[in-house]
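# need a structure here:
(2 chains)
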Number of protein chains: 2
Amino acid sequence: MSSTNENKERLACFIEEVWNAGDVAACGRYIAAKYSIHHDPGDPWNGQELDLAGYQERVRVSRAPFPDQRFTIREMVAEGDAVVMTWLWSATHQGDLPGFPATGAPVRVSGATVYYFDGGRLTGHWQIVDRLGVYTQLRQASADVSREMA
Amino acid sequence: MSSTNENKERLACFIEEVWNAGDVAACGRYIAAKYSIHHDPGDPWNGQELDLAGYQERVRVSRAPFPDQRFTIREMVAEGDAVVMTWLWSATHQGDLPGFPATGAPVRVSGATVYYFDGGRLTGHWQIVDRLGVYTQLRQASADVSREMA
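Below you'll find the predicted structure:
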């Protein structure tokens, strides 16, 4: 199997185990000693370099408001050490976010991420998420909750 | 030269000629008879299938509020018929947008686009743009203009 195909398979396992199932301990099998968030506008860790514990904390904090979150991989395009993944994401808004107390509403969003590998380990990513879509859905859900309570 | 490298070179020329220089006539050398906007949340043409005239209209309308716009290609990752392009974009907000009259403010944004080729022609794209970043900058610029006029 080529290394680009190996990288794709590893990425699919990583997304399933860590981000979908929430198995934070599994990060140790995938994340390099230093993980760089090269670009991720709107993400609280944008621009940071994380060690394993830092990455695990990012997973915990990110998943907390959306414990049933699920990434569906739409496509992977790989070349050299890079695997680009385009994805759809869905979750229920079960925990509080800044400005948005939990609404119980379903939320859907899409994004595209370039993941970088070195020797089978993930060394970082460059990502764009449709955060305006998230913001619009959360604002609508909050307005609906306020109306129900009025 | 491999077809993935040919596709990358064609995409770079297309971005430079059509989107940066605004040469709408050049679309005829790049766009397939049918061009599908598979996914582009927030884009007015999201989900549509365009012919050449339709694509040219999209370029004209999109560039009108930002006539000095410039895409800078950060990276290309290619496999098969797909070329993924991650990019930075900068422009001056010189024309009116829905809810945002022209402010003259500089705007920067980033995005990731999967372009699909068939026989050297572009057949469509799947794209995520940091539209929350655009929205935040335009809202701030509009508030600054209102304050200056008060």
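# tell me the contacts of A:Trp126?
A:Trp126 makes contact with A:His38, A:His39, A:Asp40, A:Thr113, A:Val114, B:Arg74, B:Glu75, B:Thr86, B:Ala112 under the criterion CB atoms under 8 Å, 6 or more residues apart in numbering or on different chains. For the C-beta atoms, the positions are set from N, CA and C on the backbone; glycine is no exception.
# any idea how far A:Arg58 is from the nearest residue to A:Gly95 once chain neighbours are set aside?
What sits nearest to A:Gly95 in space, not counting adjacent residues and going by CB to CB, 6 or more residues apart in numbering or on different chains, is A:Pro65, at 3.6 Å. Summarising the geometry, the distance separating A:Pro65 from A:Arg58, computed by CB to CB, to the nearest Å, is 13 Å.
# and A:Val18, how many residues sit next to it?
Here the neighbour count serves as a burial measure; for A:Val18 (other CB atoms under 10 Å in any protein chain shown) it reads 23.
# report the beta-bridge partners for A:Val84.
A:Val77, A:Val114 (DSSP bridges).
# distance-wise, check it relative to B:Ala32.
As judged by CB to CB, A:Val84 and B:Ala32 stand 22 Å apart.
# these two: which is more packed in?
A:Val84 (27 against 19).
# and the most centrally placed residue in chain A, which of the three is it?
A centroid search over chain A (CA atoms, centre = their mean) returns A:Trp19, at 6.5 Å, as the residue closest to the centre. The three-state label for A:Trp19, taken from DSSP: H, G, I helix; E, B strand; the rest coil, comes out as helix.
# please apply the same query to A:Arg60.
Under three-state DSSP, the three-state class of A:Arg60 is helix.
# list the contacts for the residue nearest to it when sequence neighbours are not counted?
Distance criterion CB to CB, 6+ apart; nearest residue to A:Arg60, sequence neighbours excluded, is A:Val24 at 6.1 Å. The contact partners of A:Val24, by CB under 8 Å, 6+ apart, come to A:Val18, A:Gln56, A:Val59, A:Arg60.
# I figured A:Glu17 hits A:Gly28, correct?
No. In this structure, A:Glu17 is not within contact of A:Gly28 by CB atoms under 8 Å, at 11.0 Å.
# which elements pack onto the helix-or-strand element of chain A with minimal mean pLDDT?
Of all the helices and strands that make up chain A, helix A:131-149 has the lowest average by mean pLDDT, DSSP states H and E, namely a mean of 93. Other elements packing on helix A:131-149 under the criterion 3 or more CB pairs under 8 Å, 6 or more residues apart in numbering or on different chains; DSSP states H and E are strand A:106-118, helix B:131-149.
# just how off-centre is that helix within its chain?
21 Å (CA atoms, centre = their mean, to the nearest Å).
# so which bits of it are buried?
When neighbours are counted by 16 or more other CB atoms under 10 Å in any protein chain shown, the buried residues of helix A:131-149 are found to be A:Arg131, A:Leu132, A:Gly133, A:Val134, A:Tyr135, A:Thr136, A:Gln137, A:Leu138, A:Ala141, A:Ser142, A:Val145.
# can you pull the contacts of the fourth one?
In this case it means A:Val134. Under the criterion of CB under 8 Å, 6+ apart, the contact partners of A:Val134 comprise A:Val107, A:Val109, B:Leu132.
# likewise A:Ser110?
Applying CB under 8 Å, 6+ apart, one finds that A:Ser110 lies in contact with A:Thr86, A:Trp87, A:Leu88, A:Trp89, A:Val129, A:Asp130, A:Gly133, B:His39, B:Pro41, B:Ile128.
# got the angle for the host helix or strand of the fourth one vs strand A:106-118?
Counting by DSSP states H and E, the element that carries A:Trp89 is strand A:82-92. For strand A:82-92 against strand A:106-118, the angle between stretch directions is 160 degrees (axes from the mean of the first three to the mean of the last three CA atoms, to 10 degrees).
# in a markdown table, list the contacts of A:Val24 along with distance to A:Leu50.
Supplementary listing: the contacts of A:Val24 in a markdown table, determined by distance: CB to CB, whole Å:
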| residue | distance to A:Leu50 |
| --- | --- |
| A:Val18 | 13 |
| A:Gln56 | 9 |
| A:Val59 | 10 |
| A:Arg60 | 13 |
